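# Next comes the sequence, and after it the predicted model I'd like to discuss.
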Amino acid sequence: MKKPTIPMKSKTASKEGKGRDNPSQLIDARIAALSDWRGETLARVRSLIREADPEVVEEVKWRKPSNSVLGVPVWEHAGIICTGETYKSVVKLTFAKGASLKDPSGLFNASLEGNVRRAIDFYEGDKIDEKALKALIRAAVALNISLRANSA
């Protein structure tokens with residue numbers, strides 16, 4: 001019996017998709033639906049992620065009624081880099097393997113007690129340390145790539 005092939009995601013999957021379920025369009029919709037500082041912050045963080053890793057793939061996961069069926073933006077490269085969640089008073093950028101990353105600038109300020117994830121909570125009026133955030137994104141990508149290489 002022949003094994004079914006599973007199509008691989010291309011690095012431009014979010015740009016090629018058409019229709020309502022295109023991840024980039026869903027993230028655009030999430031940002032537009034916020035229409036306040038949270039949308040601006042999420043849009044800025046998204047832009048910085050794309051600048052730090054031009055090969056990043058945007059996905060949307062966990063679509064359900066409690067998050068307006070718009071889901072949670074997820075950025076991937078050889079695995080999940082981070083997710084971008086929005087709450088009433090915070091935009092939370094959670095790094096999937098954040099506990100394994102060096103954070104010399106001290107950006108991580110949430111979920112510090114876990115063994116795997118770490119997060120950055122952005123509050124209204126916070127200034128984003130763009131250089132440090134890009135370095136953290138690049139470190140997360142490098143970690144994902146090294147873990148994938150070691151498991152192959």
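Sure, I can see it.

# quick one: strands adjacent to the longest strand along the chain?
Longest strand of the chain, by residue count under DSSP state E: strand 80-86. If you go by DSSP bridges, strand 80-86 pairs up with strand 72-76 (antiparallel), strand 91-95 (antiparallel).

# so which of the ones you listed gets nearest Ile128?
Closest to Ile128 of the strands paired with strand 80-86, according to Cβ to Cβ: strand 91-95, at 9.8 Å. Every C-beta, even on glycine, is put in place using the N, C-alpha and C of the backbone.

# The closest one: how far from the chain's middle?
On the basis of Cα atoms, centre = their mean, to the nearest Å, strand 91-95 is displaced by 8 Å from the centre of the chain it belongs to.

# Check stretch 120-137 too.
That offset, for stretch 120-137, works out to 13 Å (Cα atoms, centre = their mean).

# Buried residues in that stretch, which are they?
Ile120, Asp121, Phe122, Leu133, Ala135, Leu136, Ile137 (16 or more other Cβ atoms under 10 Å).

# Looking at these, which one is closest to Asn22?
Ile137 (22.4 Å).

# in a helix, that's where the closest one is, yeah?
Yes - assessed by DSSP: H, G, I helix; E, B strand; the rest coil, Ile137 belongs to a helix.

# Pull up the gap between it and Gly114, please.
19 Å (Cβ to Cβ, to the nearest Å).

# quick one on the thing from earlier: among the buried residues of stretch 120-137, pick out the one closest to Val57, please.
Closest to Val57, out of all of these and judged by Cβ to Cβ, is Ile137, at 13.2 Å.

# rewinding a little: switch the strands paired with strand 80-86 over to TSV; also include mean pLDDT, mean neighbour count and distance to Ile145.
Formatted as TSV, the strands paired with strand 80-86 follow (pLDDT from 0 to 100; neighbours: other Cβ atoms under 10 Å; distance: least, Cβ to Cβ, whole Å):
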stretch	mean pLDDT	mean neighbour count	distance to Ile145
strand 72-76	96	24	12
strand 91-95	97	24	15
